[in-house]
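Novice: quick one, fold the following:
(one chain, ligands or ions: 1)
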Amino acid sequence: MSHISQSPDYNRLRKLPGVDALLQRSEDLVARWGHAQVSQGLRRELSRLRDQLQSGGSIEVDAAVIVATVAAELELANGPSLKSVLNLTGTVLHTNLGRASLPPQAVQAAAEAASQTSNLEFDLSTGKRGDRESHIESLVCELTGAEAATAVNNNAAAVLLILNTLAMGREVPVSRGELVEIGGSFRIPEVMQRSGCTLVEVGATNRTHLKDYRGAINVNTALLMKVHASNYSIEGFTSAVAETEIASLARECGLPFVIDLGSGNLLDFPALGLPHEPTVADAIASGADLVSFSGDKLLGGPQAGIIAGRRDLIEQIKQNPLKRALRLDKMTLAALEAVLRLYQNPATLTQHLPGLRQLTRCTDDIATMAARLIAPLAEIISPHYEVSMRGGFSQIGSGAMPVETIATTCLYIQPGSQSDSALRRLAAAFRELPLPVIGRMSNGALIFDLRTLEDESQFLEQLPRLGVLLSC
Ligand SMILES: *Cc1c(COP(=O)(O)O)cnc(C)c1O
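Specialist: Numbering: from 1, shown residues only. Sure thing, here's the model as predicted:
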């Protein structure tokens with residue numbers, strides 16, 4: 001200890017308040033975060049100050065400042081891990097950023113289902129046990145033209161359940177051009193294996209013909225399946241068999257025909273000025289016996305996998321014990337019902353569904369917003385970075401129209417020094433904001449696609465904080 005007694009800071013070190021004295025000033029913090037967390041935080045801060053003083057740092061020791069520092073740390077440490085971000089990546093339905101955002105009607109329905117008891121599985125007219133899917137089945141049927149429907153946790157679960165129910169221990173022919181991988185872990189061949197059926201690959205990567213399917217059918221064949229090419233496109237010398245043709249072959253052979261449609265579009269997209277995307281109703285009309293699709297892609301609802309089609313097949317699926325393991329929770333069901341009800345008035349959908357509203361947003365509107373944002377952003381980040389606005393293309397995302405894009409306007413931010421590390425530091429600072437702003441990096445620029453920025457104050461209000469983050 002002798003070296004400390006010689007230090008000019010020795011007296012100040014002795015003046016560091018004790019934990020107990022600090023705890024007495026921290027009643028509010030203890031009430032909020034608990035004794036253990038607060039005393040641990042205070043000890044950590046005291047030890048940090050002690051280190052600083054011992055190494056000769058000149059700092060003022062003030063109990064109020066120590067408590068305030070610990071309060072700020074606790075606030076930060078206890079903040080949610082899962083939080084809102086601004087998705088300006090240019091991919092409207094971004095799987096890593098949560099896919100579709102729910103409309104307020106669905107948020108409210110989910111909150112009510114979560115916070116109150118409900119008739120989830122209770123028939124109010126008979127007073128007897130009811131079916132949790134009664135709340136959505138007729139809506140799905142009405143919107144797709146299907147006879148019956150059920151829903152599970154997501155479309156991966158829907159595909160698994162269909163195959164496990166109808167094809168366990170048997171063969172399913174699928175075109176080699178359709179053995180898709182959706183984001184890492186969902187691969188059609190692997191899901192088929194786990195469902196207990198055997199994949200029979202037919203045709204070639206670029207071309208599959210009806211005779212390929214016909215040649216693969218034998219007594220062990222359980223069903224014919226088509227998988228929508230959601231996130232890729234095969235171009236050039238290609239040929240795929242139309243749904244209607246596979247449907248009639250399936251019928252001829254007495255087999256069910258199943259389509260994994262992926263994106264779950266219920267709307268006439270070209271009528272909204274968007275690229276064509278097949279609808280669930282088209283798939284049913286083409287002769288599919290079952291169609292499965294996601295709830296949180298183009299549909300704009302919560303994560304779910306919906307299966308629509310023939311009543312006898314849906315009944316079999318509902319009786320599979322796996323159905324219980326994959327079933328929807330009440331909040332999701334409530335949100336899904338609310339979204340499906342909005343579809344009953346399609347004219348108002350582009351107003352209510354956030355994803356669809358952004359996809360159909362007028363390009364002039366996006367460009368004028370970009371023009372408004374340039375100066376305030378430049379004020380914070382110049383002269384180290386240059387901001388300009390440029391035309392670009394938004395992607396729909398989440399397994400819909402992988403090659404089609406929609407014209408948009410982006411903010412382009414480039415470092416004056418052309419340095420990658422400066423650009424990475426800027427992107428990191430945007431991610432550190434209270435509402436992290438996520439863009440994309442390309443060609444030496446950080447790019448913000450403004451199609452998905454509906455409230456520009458969310459961006460502008462954070463600029464002073466961005467300045468602080470960049471200056472330290
Ligand atoms: C997205 C997609 C899936 C998986 O759906 P999730 O709802 O993400 O589980 C399966 N098949 C196709 C063709 C898809 O596009």
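Novice: in the chain, which residue sits closest to the ligand?
Specialist: Per C-beta to the nearest ligand atom, Gly262 is where the chain lies closest to the ligand, at 2.4 Å. For the C-beta atoms, the positions are set from N, CA and C on the backbone; glycine is no exception.
Novice: neighbours around the spatially closest residue to that residue that is not a sequence neighbour, how many?
Specialist: Residue nearest to Gly262 in three dimensions, not counting chain neighbours: Ser230, with 3.8 Å by C-beta to C-beta, 6 or more residues apart in numbering. For Ser230, the count of nearby residues is 21 (other C-beta atoms under 10 Å).
Novice: same check on Glu178?
Specialist: 21.
Novice: residues in contact with the nearest residue to it once chain neighbours are set aside?
Specialist: Distance criterion C-beta to C-beta, 6+ apart; nearest residue to Glu178, sequence neighbours excluded, is Val227 at 4.0 Å. For Val227, the contact set (C-beta atoms under 8 Å, 6 or more residues apart in numbering) comprises 174-175, 178-180, 188, 259-260, 262.
Novice: give the rounded mean pLDDT of stretch 433-450.
Specialist: Taken as a whole, stretch 433-450 has an average pLDDT of 96.
Novice: list the buried ones in it?
Specialist: By neighbour count on 16 or more other C-beta atoms under 10 Å, the buried set for stretch 433-450 is 433, 436-440, 445-450.
Novice: tell me where the stretch 301-450 of the chain is predicted with low confidence.
Specialist: Applying pLDDT under 70 to the stretch 301-450 of the chain picks out residues 398-403, 418.
Novice: again, only this time at 50
Specialist: Within the stretch 301-450 of the chain, not a single segment meets pLDDT under 50.
Novice: what of the stretch 1-150 of the chain?
Specialist: 1-6.
Novice: for the residue of the chain closest to the ligand, grab phi and psi.
Specialist: With angles defined as degrees, to the nearest 10, Gly262 sits at phi 80, psi -80.
Novice: so who does it touch?
Specialist: Per C-beta under 8 Å, 6+ apart, neighbours of Gly262: 155, 182, 227-228, 230, 293-294, 297, 399-400.
Novice: could you pick out which of the residues you listed are near the ligand?
Specialist: 155, 182, 227-228, 230, 294, 399 (C-beta under 6 Å from any ligand atom).
Novice: which ones among these map onto strands?
Specialist: 182, 227, 294 (DSSP state E).
Novice: end to end on stretch 183-194, go ahead and measure it.
Specialist: 18 Å (C-alpha to C-alpha, to the nearest Å).
Novice: ditto for stretch 221-232
Specialist: 28 Å.
Novice: and it, which residues are buried?
Specialist: 221-231.
Novice: could you dump these to TSV with distance to Cys197?
Specialist: Output for the buried residues of stretch 221-232, formatted as TSV (distance: C-beta to C-beta, whole Å):
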residue	distance to Cys197
Thr221	10
Ala222	6
Leu223	9
Leu224	12
Met225	10
Lys226	15
Val227	14
His228	19
Ala229	21
Ser230	21
Asn231	23
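Novice: using JSON lines, lay out these together with distance to Gly392 and pLDDT.
Specialist: Formatted as JSON lines, the buried residues of stretch 221-232 follow (distance: C-beta to C-beta, whole Å; pLDDT from 0 to 100):
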{"residue": "Thr221", "distance to Gly392": "47", "pLDDT": "98"}
{"residue": "Ala222", "distance to Gly392": "46", "pLDDT": "98"}
{"residue": "Leu223", "distance to Gly392": "43", "pLDDT": "97"}
{"residue": "Leu224", "distance to Gly392": "41", "pLDDT": "97"}
{"residue": "Met225", "distance to Gly392": "37", "pLDDT": "97"}
{"residue": "Lys226", "distance to Gly392": "33", "pLDDT": "96"}
{"residue": "Val227", "distance to Gly392": "30", "pLDDT": "94"}
{"residue": "His228", "distance to Gly392": "27", "pLDDT": "89"}
{"residue": "Ala229", "distance to Gly392": "24", "pLDDT": "81"}
{"residue": "Ser230", "distance to Gly392": "23", "pLDDT": "73"}
{"residue": "Asn231", "distance to Gly392": "20", "pLDDT": "74"}
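Novice: near the ligand, which residues of this structure? Just list them.
Specialist: So the chain meets the ligand at 154-156, 159, 180, 182, 186, 227-228, 230, 260, 262-263, 294, 305, 399 (C-beta under 6 Å from any ligand atom).
Novice: what ranges do the helices span in the stretch 201-350 of the chain?
Specialist: 210-216, 243-253, 280-285, 311-319, 321-326, 330-342, 349-352 (DSSP state H, counting those that start in this stretch).
Novice: elements contacting the second one?
Specialist: The contact analysis (3 or more C-beta pairs under 8 Å, 6 or more residues apart in numbering; DSSP states H and E) places helix 243-253 against helix 210-216, strand 224-227, strand 257-262.
Novice: ok, now with 6 Å
Specialist: strand 257-262 (3 or more C-beta pairs under 6 Å, 6 or more residues apart in numbering; DSSP states H and E).
Novice: give me the neighbour count for Gly169.
Specialist: 9.
Novice: phi, psi of it?
Specialist: Taking degrees, to the nearest 10 as the convention, Gly169 sits at phi 80, psi 10.
Novice: what about the strands in the stretch 101-250 of the chain?
Specialist: 122-123, 128-129, 148-152, 171-175, 181-182, 186-187, 198-202, 224-227 (DSSP state E, counting those that start in this stretch).
Novice: right, and the ones you listed - which one's nearest Ser239?
Specialist: Ser239 sits nearest to strand 171-175 of all the strands of the stretch 101-250 of the chain, at 10.1 Å, using C-beta to C-beta.
Novice: name the residues that touch the closest one?
Specialist: If you take C-beta atoms under 6 Å, 6 or more residues apart in numbering as the criterion, strand 171-175 is touched by 197-198, 200, 202-203, 208, 213, 216, 220-223, 225.
Novice: same question, stretch 87-104
Specialist: 183, 296-297, 300, 335, 352-355, 358-359, 394-398, 438-440, 448-449, 452.
Novice: in helices only, show me these.
Specialist: Counted as lying in helices by DSSP state H, out of the contacts of stretch 87-104, are 335, 352, 354-355, 358-359.
Novice: those helices in the stretch 51-200 of the chain, which residues are they?
Specialist: Under DSSP H, counting those that start in this stretch, the stretch 51-200 of the chain gives helices at 63-77, 104-115, 134-144, 155-167, 188-194.
Novice: could you pull out the buried residues of the first one?
Specialist: The one in question is helix 63-77. 63, 66-67, 69-71, 74.
Novice: again, but for the shortest one
Specialist: Buried positions in helix 188-194, judged by neighbour count with 16+ other C-beta under 10 Å: 188, 191-192.
Novice: pLDDT of it, averaged?
Specialist: Mean predicted lDDT for helix 188-194 stands at 89.
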